[in-house]
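S.K.: pasting a predicted model and its sequence here:
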Amino acid sequence: MQDKFRRTLNAGETLFQQGDIGLEAYVIESGCIQIATDSADGLKELARLGADDILGEMALVGDQRRNASAIALEATTLAVITNEYLTERLNQADPMLRHLLRVTTSRYRSALQHRDGASESASASNVALEEPDRQIALDRLRREQDIERALSQNEFRLYYQPIVRMRDGSIAGFEALIRWEKPGVGLIPPLDFIGIAEQSGLIVQLGHWIIQTACADIQQLEAAQRSAAPDSPPLFVTINLSIRQFADPDLFNIISKNLRNQALAAHRVKLEVTESMVMGDVDAALHLIERCKALGTKIAVDDFGTGYSSLAYLHKFPMDTLKLDRSFIKDIHENAASIKIIRAISHLATELGMDTVCEGIETAEQAQTCRSIGITYAQGFHYSPAVPVARATEFLAAHTAQT
Ligand code: C2E
Ligand code: CA
Ligand code: CA
């Protein structure tokens, strides 16, 4: 039977000819292959390749034309790298790496053609082939540089959404939510740039800024709360983490340094992680979470119920809060199952000694239902959207006066 991934050639047999369309590259397992180009005096040998050498790869990453012939000089066995295999691998690669590979190949090919006096048409068609990748790679590079510039120009803002204690309607804390105030564009929501910041690693630097700003701002909000209601319990701030930050060796030190600098008790900072983040890098997540817990910070599971929903990690990880995803609250009054799920999660949390937050509360009815179920905290447009710290301070004073 013919093996798709292995070829054998007899001495003198041609593997491919210059100008052929090439859909495979090869690794020589044993034997010897001559690489040669056509010239006025017949075949001109460019190289002899032996065991472990690779050949034919240029056609796969370039315009698919063989720019030389390959002939076995003795009985030869080859491992075949198919176009599909390589394409799949290339598609998984970073677009910039892919683009650089194509450009480098194209330049090399063009240099070879120059040397051999061939036409430039092949390299021109390469450029056309590269175009979509080039666009994607350059677009991403620009967006990354944009974020880097925005960081240095202080264009990021932290907005704060109040988290209300269901028991008495008082404000327990705020969730810090990032925005990008881009000159000439306006306010850009996090989902439009967090992904790029994560892929590029800029989230690490951005994350440090978020922690520093949130720790400072919560003290400012606390001061406002103190003057309006001196006896109220101290406010907490919740900070969203992204998976990439688990691997940030400085994150823990940044958190403890900012707690110290702001004289902020650790339990007033709550880090929000999602189930998929935790399951995506269990060891790194556990390492960071355990250190933060030892410091005294709180941990919340964000968007609970939407990810893996593997309950197994709940006893493995020392979590304090389950934050029920907005999707359950959205159809709480249309879908009987949603209420049952909220009730079951609330019960589970109580059993595990955790508190609960319902997010995305948009109506008084939704708030009332969550309260009757025994949910600890609520958050949503019904109370307030996320607002700049100055507005959050005003909101706090007005709200405290009412309750
Ligand atoms: P999230 O952590 O689940 O944040 C809740 C999102 O729901 C926020 O969107 C908030 O503005 C929105 N929201 C709050 N109440 C309501 C409501 O009643 N109705 C509706 N329809 N929406 C509501 P936002 O600020 O656009 O943030 C989106 C996501 O971006 C966040 O989801 C979080 O995953 C991420 N994110 C935001 N800030 C940060 C940050 O500082 N760091 C990291 N790593 N991610 C962040
Ligand atoms: Ca969150
Ligand atoms: Ca959420």
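M.R.: It's in. Ligands and ions are numbered 1, 2, ... in the order given.

S.K.: quick one: Ile194 and Ile203 touch, right?
M.R.: Yes. Here Ile194 reaches Ile203: they are 7.0 Å apart, a contact under CB atoms under 8 Å. From N, CA and C alone the C-beta is placed, and that goes for glycine too.

S.K.: these two: who's more crowded?
M.R.: Ile203 (23 against 18; other CB atoms under 10 Å).

S.K.: pretty sure the more buried one sits against Ala247.
M.R.: No. Judged on CB under 8 Å, Ile203 makes no contact with Ala247 at a distance of 10.5 Å.

S.K.: so where do the helices sit in this protein?
M.R.: 57-61, 83-92, 95-116, 121-152, 194-200, 202-228, 251-261, 275-280, 282-295, 312-316, 326-330, 336-351, 364-373, 389-402 (DSSP state H).

S.K.: quick one: closest of those to Trp180.
M.R.: Nearest to Trp180 among those is helix 121-152 (6.0 Å), distances taken as CB to CB.

S.K.: could you list every residue that touches Trp180?
M.R.: Counting by CB atoms under 8 Å, 6 or more residues apart in numbering, Trp180 touches Ala150, Glu155, Phe156, Arg157, Leu187, Ile188, Pro190, Asp192, Phe193.

S.K.: most neighbours of all these, which one?
M.R.: Phe193 (23 neighbours).

S.K.: which of the helices of the chain comes out lowest on mean pLDDT?
M.R.: Note on the helices of the chain: helix 121-152 shows the lowest mean pLDDT, a mean of 70.

S.K.: can you list phi and psi of Ala93 for me?
M.R.: phi -80, psi 160 (degrees, to the nearest 10).

S.K.: so does stretch 271-278 get close to ligand 2?
M.R.: Yes. Interface with ligand 2: stretch 271-278 contributes Glu272 (CB under 5 Å from the ion).

S.K.: ok, Asp302 - contacts?
M.R.: Residues counted as contacts of Asp302 (CB under 8 Å, 6+ apart) are Asn240, Glu272, Val273, Thr274, Lys323.

S.K.: how about 6 Å then?
M.R.: Taking CB atoms under 6 Å, 6 or more residues apart in numbering, we find Asp302 in contact with Glu272, Thr274, Lys323.

S.K.: let's see the ChimeraX selection covering just the buried ones among those residues.
M.R.: Selecting only the buried entries of these in ChimeraX, with 16 or more other CB atoms under 10 Å as the criterion:
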select :272,274,323
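
S.K.: quick one: name the residues of the stretch 101-250 of the chain near ligand 1.
M.R.: Taking CB under 6 Å from any ligand atom as the contact definition, the stretch 101-250 of the chain meets ligand 1 at Gln161, Ala176, Leu177, Ile178, Pro189, Pro190, Leu191, Ile194, Ile210, Asn240, Leu241, Ser242.
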